[in-house]
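# need coordinates for the below:
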Amino acid sequence: MEAIYQVDAFWDPDSAVWVATSEDVPGLATEADTIEILSQKLRNIIPELLRLNHVIAVDYTGAIVFQLTSHRQASLVTLPTVSFKTSWTAKGILVEFEPIILP
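Model prediction:
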């Protein structure tokens with residue numbers, strides 16, 4: 001049975017890129033703008049790193065299988081609640097109208 005190399009990817013919001021690393025592929029650390037581009041890069045990088053680190057033979061021609069697991073955390077934006085302060089005179093005439101943003 002052939003090995004399945006585990007690769008983890010996470011979204012770096014500060015750099016706005018996907019970052020991939022792996023404990024199974026020595027030296028793997030790469031990034032890309034999209035998960036699709038990252039996956040394509042991994043198809044080229046993983047075999048090269050496995051050969052360079054003598055995990056597979058330099059002349060290996062078989063399949064190399066990797067499993068890419070991605071993680072992305074998102075925050076929901078909570079919009080403020082708006083209330084209105086009104087004042088009325090005894091005759092029902094609007095005297096004051098002021099929006100108030102509640103926490």
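# you'd agree Leu50 is in a strand?
No: with DSSP: H, G, I helix; E, B strand; the rest coil as the criterion, Leu50 is assigned helix and is not in a strand.
# can you get me a residue count around it?
23 (other CB atoms under 10 Å). C-beta here means a position set from N, CA and C on the backbone, and glycine is covered the same way.
# next: Leu68.
Using other CB under 10 Å, Leu68 has 16 neighbouring residues.
# same question for the one 10 residues further on.
As a burial measure, Thr78 scores 7 neighbours (other CB under 10 Å).
# which element, helix or strand, includes it?
Thr78 belongs to no helix or strand when assigned by DSSP states H and E.
# with Glu36 instead?
helix 35-52.
# work out the gap between that helix and the centre of the chain.
Distance of helix 35-52 from the chain centroid (CA atoms, centre = their mean, to the nearest Å) equals 18 Å.
# please apply the same query to stretch 11-23.
Stretch 11-23 sits 7 Å away from the centroid of its parent chain (CA atoms, centre = their mean).
# show me the contact partners of it.
Stretch 11-23 is contacted by residues 5-10, 28-35, 38, 41-42, 66, 68, 70-73 when judged by CB atoms under 8 Å, 6 or more residues apart in numbering.
# same deal with stretch 63-75?
So stretch 63-75 is contacted by 2-11, 18, 20, 22, 25, 35, 38-39, 42, 46-47, 50, 56 (CB under 8 Å, 6+ apart).
# pull the CA atoms of stretch 16-30 into CSV?
What follows is stretch 16-30, C-alpha atoms only, in CSV (Å, rounded to 0.1, in the frame of the first residue of the first chain):
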residue,chain,number,x,y,z
ALA,A,16,-4.3,37.0,2.5
VAL,A,17,-2.8,33.7,1.3
TRP,A,18,-3.2,30.0,1.9
VAL,A,19,-0.2,28.4,3.7
ALA,A,20,0.6,24.7,3.4
THR,A,21,2.9,22.7,5.7
SER,A,22,3.3,19.0,6.4
GLU,A,23,5.0,16.7,9.0
ASP,A,24,5.1,14.0,6.3
VAL,A,25,6.9,16.0,3.7
PRO,A,26,10.2,17.4,5.1
GLY,A,27,10.8,21.1,4.3
LEU,A,28,7.3,21.8,2.9
ALA,A,29,6.2,25.4,3.4
THR,A,30,4.5,27.2,0.6
